[in-house]
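Engineer: coords below, sequence missing:
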Ligand SMILES: *Cc1c(COP(=O)(O)O)cnc(C)c1O
């Protein structure tokens, strides 16, 4: 079918999109309406942790859809219980509430912290968040986010989210008052440009929040589920947060996210939290299939190996083309371009023939890489060779 035959204007306009309709995906590859193939380093925005349409997700969806799709959130179902048990057994958390998106999980974290503040901190409600952070697109999570301009687009904001600077503990301490109930951050700022919080900063934050009896919330929507080479990124710094949110990779491509907390924080009472689709068995069955793959012997070690391989290759590319190096954790990495050529590279990569490469530029001077966690060394080599060619073209 020709692109012009698709009635794309039936969709609400929210972002410029290329004149392509994707029709199939398998592993690291996507196919468009013309049959052209693309090596995909976006993977649905770090969502497809096992690549496009992996067998285990197909199987889980088919098997569960034949058994039970949704009994209502007012009843227990077996997949939700099993997935919650797997998450608590493999983290420092004791309780899980499933949601349908990362923003909804973060909304839940904000509500849980405010509730805890009402019960234990005489109504303290402020949550310190960070410049350039990203927590979602609901009103409260937009207010929590530190994206420039987001404070005015849908004014008035939800109040109570003072902003500190990442990796600057004094900037956090300066904002703490008797109104403060929590500090919330991404262990690696993803949308902000792959900026890791240092191990020392995470440890200092944990000590500071303990000292002031306030909660530490980690938004691991992008960094969780093996992305950094650990199951959860907080494990990189050896600390234990009070609340964690998960999204993206937890569903391997289907809409699943989660809010987790330790037992002593779990203070919701009936009426405080809920949702029609939350924890439905069709989707939590997929979550079980995904986490079992991540926990299989050697899987996380292979993520670390792939991460070292990609990091080295990006550094070599940077040296060859006089760029500004690379950074990241695990398979969430960024190449620092040293000039604002990100947009050009993304477009030229997509237009390459006979196969394209899909890249992401969260900032004009940066490319972000979020491949499937089971990406092969050959698929890394192929992307690096394509990027090498693109950089050579663009520099001419
Ligand atoms: C993507 C993302 C979100 C929002 O998740 P949605 O599922 O898009 O609502 C929140 N926090 C972080 C760190 C993210 O990367």
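Structural biologist: Here it is on my side, so go on. Since the structure is predicted, the reported quantities are computational estimates derived from the model, not experimental observations.
Engineer: quick check: closest non-adjacent residue to the residue of the stretch 51-200 of the chain found nearest the ligand.
Structural biologist: For the stretch 51-200 of the chain, the residue closest to the ligand is residue 102, as judged by CB to the nearest ligand atom, at 2.3 Å. Any C-beta I mention is one placed from the backbone N, CA and C, and that applies to glycine too. Leaving aside its sequence neighbours, residue 102 sits nearest to residue 247 (CB to CB, 6 or more residues apart in numbering; 3.0 Å).
Engineer: likewise for residue 393?
Structural biologist: In space, residue 393 is closest to residue 348, 6.6 Å off (CB to CB, 6+ apart).
Engineer: what is the burial count for that neighbour?
Structural biologist: 19 (other CB atoms under 10 Å).
Engineer: got it, and residue 71?
Structural biologist: Neighbours of residue 71 (other CB under 10 Å): 12.
Engineer: tell me the confidence at it?
Structural biologist: On pLDDT, residue 71 comes in at 97.
Engineer: now it, what's its secondary structure?
Structural biologist: Following DSSP: H, G, I helix; E, B strand; the rest coil, the label given to residue 71 is coil.
Engineer: tell me the pLDDT of the residue nearest to residue 102.
Structural biologist: For residue 247, the model assigns a pLDDT of 98.
Engineer: you'd agree the residue of the stretch 51-200 of the chain closest to the ligand is up against residue 138?
Structural biologist: No. With contact defined as CB atoms under 8 Å, residue 102 does not count as touching residue 138 (10.1 Å).
Engineer: hang on, the earlier thing: quick one, what contacts the residue of the stretch 51-200 of the chain closest to the ligand?
Structural biologist: Residue 102 makes contact with 135-136, 219, 221-222, 245-248, 257, according to CB atoms under 8 Å, 6 or more residues apart in numbering.
Engineer: what does residue 311 give?
Structural biologist: Residue 311 neighbours (CB under 8 Å, 6+ apart): 326, 328, 333.
Engineer: tell me which parts of the chain are close to the ligand?
Structural biologist: Residues of the chain lying close to the ligand by CB under 6 Å from any ligand atom are 101-103, 106, 134-136, 186, 190-191, 219, 221-222, 247-248, 257.
Engineer: of the residues you listed, buried ones?
Structural biologist: 101-103, 106, 134-136, 186, 190-191, 219, 221-222, 247-248, 257 (16 or more other CB atoms under 10 Å).
Engineer: among the residues you listed, which are in helices?
Structural biologist: Of these, the ones assigned to helices by DSSP state H are 102-103, 106.
Engineer: of all those, which comes closest to residue 90?
Structural biologist: Distance to residue 90 across these (CB to CB) is lowest for residue 102, with 19.5 Å.
Engineer: distance check, that closest one against residue 251.
Structural biologist: From residue 102 over to residue 251 the distance is 10 Å, taken as CB to CB, to the nearest Å.
Engineer: so which of the residues of the chain next to the ligand is the closest to residue 177?
Structural biologist: Ranked by distance to residue 177 (CB to CB), the residues of the chain next to the ligand are led by residue 135 at 21.4 Å.
Engineer: could you pull up the contacting residues of the closest one?
Structural biologist: Here residue 135 is in contact with 102-103, 106, 129, 141-142, 144-145, 184, 186, 219 (CB under 8 Å, 6+ apart).
Engineer: redo that, cut-off 6 Å
Structural biologist: Residues counted as contacts of residue 135 (CB atoms under 6 Å, 6 or more residues apart in numbering) are 106, 141, 144-145, 219.
Engineer: coming back round to it: narrow the residues of the chain next to the ligand to those in strands?
Structural biologist: Using DSSP state E, 219, 257 are the members of these that sit in strands.
Engineer: just for this protein, where's the confidence low?
Structural biologist: 396 (pLDDT under 70).
Engineer: need the nearest residue in space to the spatially most central residue of it, chain neighbours excluded.
Structural biologist: The residue lying closest to the centre of the chain (CA atoms, centre = their mean) is residue 222, at 1.5 Å. Using CB to CB, 6+ apart and skipping residues adjacent in sequence, the residue nearest residue 222 is residue 190, 3.9 Å away.
Engineer: find the closest residue to the ligand in the stretch 251-396 of the chain.
Structural biologist: For the stretch 251-396 of the chain, CB to the nearest ligand atom, closest residue to the ligand: residue 257, 5.9 Å.
Engineer: show me what residue 358 is bridged to.
Structural biologist: residue 40 (DSSP bridges).
Engineer: my guess is it contacts residue 38, does it?
Structural biologist: Yes. Shown here, residue 358 and residue 38 form a contact pair, counting by CB atoms under 6 Å, at 5.0 Å.
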